[in-house]
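**Q** Need coordinates for the following:
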Amino acid sequence: KPDVIGMSGVLTLAVDSMKNTVEALKAANIDSKIIIGGNPVTRESCEYVGSDAYTTNAAEGVKICQGWL
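**A** Presented below is the predicted three-dimensional model:
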C-alpha cells in the first residue's frame, strides 16, 4: 500500500484516464494520497478526478508529497 500515488499527463485527454484510475483505486480500497500533475491540470480537473492535490510544477509536487509524509 503506497503512501502517495502520482499521475502526470501532457494532454487534456489524460484527465479522463486519471479519473478512471482514481475510481479504480478507490474501488480496490487503496487509501493513498493522490496527486496529479501536468500542463492541462487545474483545480477543476483535480476536483473532477477526485485527487487530493494537483500541480503543474514538479518541485512543488515534491513539497506537497513531503508534507503528506
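
**Q** where do the helices sit along this protein?
**A** Using DSSP state H, the helices of the chain run over residues 14-27, 43-49, 58-68.

**Q** out of those, which comes closest to I35?
**A** helix 58-68 (5.9 Å; CB to CB). Quick note: C-beta positions are derived from backbone N, CA and C, even for glycine.

**Q** helices or strands up against the closest one?
**A** On a contact count with 3 or more CB pairs under 8 Å, 6 or more residues apart in numbering; DSSP states H and E, helix 58-68 meets strand 4-8, strand 33-37, strand 53-55.

**Q** Mean neighbour count, those: which tops it?
**A** strand 33-37 (a mean of 22; mean count of other CB atoms under 10 Å).

**Q** Would you mind pulling the contact partners of it?
**A** For strand 33-37, contacts defined as CB atoms under 8 Å, 6 or more residues apart in numbering pick out 3-9, 18, 22, 25, 45-46, 49-58, 61, 64-65, 68.

**Q** That strand pairs with which strands, parallel or anti?
**A** As defined by DSSP bridges, the strand partners of strand 33-37 come to strand 4-8 (parallel), strand 53-55 (parallel).
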